[in-house]
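# need coordinates for the below:
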Amino acid sequence: MVAVSQSANPVAYRHRASERGTAIFVVVLVITMLTGIGLFAARMTSSVDTATGFARQAAQAQGLTLYAGQLAADILVDQAAVIKDAMEVAASAGMGAVCPTNRGVTNTYCAYRSNVELIALGTAANQPLLVPQQQYSHGSLGPMHSLPTVAGVEGSMQLEFLDIARAIPKPGASMGSTSRTVEVPYEFGVVAWSQIRPAIAATSTNWCLSDAASTSANIQAARLYISVPRL
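Numbering: from 1, shown residues only. Reported below is the predicted structural model:
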């Protein structure tokens with residue numbers, strides 16, 4: 001008797017090898033997709049936290065800008081005549097302070113009150129403008145970060161008195177007196193700047209210094225027109 005041996009079907013073997021290669025490719029593809037989804041979710045969470053922090057800083061800076069505008073009105077109550085004279089002298093002499101708002105514009109000058117000057121005014125009146133953040137005190141800008149390596153944030157303000165013009169008297173304003181003098185109201189164009197920045201060593205410094213910590217921050221500005229009944 002002759003025995004006939006049957007060899008494995010080469011076509012079926014090739015199909016099984018092809019299926020194993022396809023399965024490995026699918027598994028690798030699924031793992032790659034899941035890894036990408038996980039990285040995207042982690043990145044989105046970090047981006048949301050960062051955006052929330054930026055939004056908080058923007059809101060704080062906007063409120064600080066309005067605060068600076070109120071300071072401008074208070075300053076004009078006592079210093080309107082001094083500021084007006086300084087602006088007129090600067091315009092006639094072609095010299096004066098160059099503020100960020102009019103930087104690059106020729107023959108335009110302004111009166112300026114820096115953050116250091118504003119802090120000095122508050123200190124002289126025994127009324128600090130902002131209470132700094134501390135470990136057990138929120139201060140004016142809210143609680144500090146829980147990490148010990150984070151020094152917190154601080155606020156910086158500055159005021160620019162850019163222009164002045166005679167204004168129309170407000171209804172009810174005094175137009176004269178027994179000496180027949182007429183009060184002439186003036187309107188000041190003011191730009192109030194504020195900055196929320198990481199706390200640095202000298203909290204009474206001005207904004208946008210060469211120090212990197214003083215420039216990496218949220219800066220807001222507001223244009224105001226403040227009428228002064230008399231100088």
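
# for this protein, which segments count as helices?
10-93, 115-124, 212-215 (DSSP state H).

# pLDDT on stretch 123-141, on average?
For stretch 123-141, mean pLDDT rounds to 80.

# got the buried residues for it?
Neighbour-count burial for stretch 123-141 flags 129-130, 132-133, 139-141 (criterion: 16 or more other C-beta atoms under 10 Å). The way it works is simple: take the backbone N, C-alpha and C, and place the C-beta from them, glycine included.

# same check on stretch 70-90?
In stretch 70-90, counting by 16+ other C-beta under 10 Å, buried: 71-72, 75-76, 79-80, 83-84, 86-87, 90.

# just to revisit the earlier point, check the buried residues of stretch 123-141 and tell me the two furthest apart.
129 and 133 (14.2 Å; C-beta to C-beta).

# return the helix or strand in the chain with minimum mean pLDDT.
Ranking every helix and strand in the chain by mean pLDDT, DSSP states H and E puts helix 212-215 at the bottom, with a mean of 52.

# residue ranges in this protein under the pLDDT threshold?
Applying pLDDT under 70 to the chain picks out residues 1-21, 45-46, 49-50, 94-98, 104-108, 145-150, 170-183, 200-204, 207-217, 231.

# surely residue 87 meets residue 99?
No. In this structure residue 87 lies outside contact range of residue 99 using C-beta atoms under 8 Å: 11.5 Å.

# now the common contact residues for these two.
Common neighbours of residue 87 and residue 99 (criterion: C-beta atoms under 8 Å, 6 or more residues apart in numbering): residue 110.

# for residue 168, what are phi and psi?
Recorded main-chain torsions at residue 168 are phi -80, psi 130, according to degrees, to the nearest 10.

# distance of it from residue 230?
Applying C-beta to C-beta, to the nearest Å, the value for residue 168 to residue 230 is 14 Å.

# shared neighbours of these two, anything?
Joint contacts of residue 168 and residue 230 (C-beta under 8 Å, 6+ apart) are residue 185.

# looking at these two, which is more packed in?
residue 230 (13 against 9; other C-beta atoms under 10 Å).

# measure that one to residue 36 for me?
For residue 230 relative to residue 36 (C-beta to C-beta), the value is 69 Å.

# one step back: could the buried residues of stretch 123-141 go into TSV alongside distance to residue 54?
As requested, the buried residues of stretch 123-141 are exported to TSV (distance: C-beta to C-beta, whole Å):
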residue	distance to residue 54
129	24
130	20
132	22
133	18
139	20
140	19
141	15
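
# so which of those residues comes closest to residue 156?
Distances from residue 156 to these, taken by C-beta to C-beta, are shortest for residue 130, at 9.1 Å.

# phi first, then psi, for the closest one.
Taking degrees, to the nearest 10 as the convention, residue 130 sits at phi -140, psi 140.

# contact partners for it?
Applying C-beta under 8 Å, 6+ apart, the residues near residue 130 are 139-141, 154-155.
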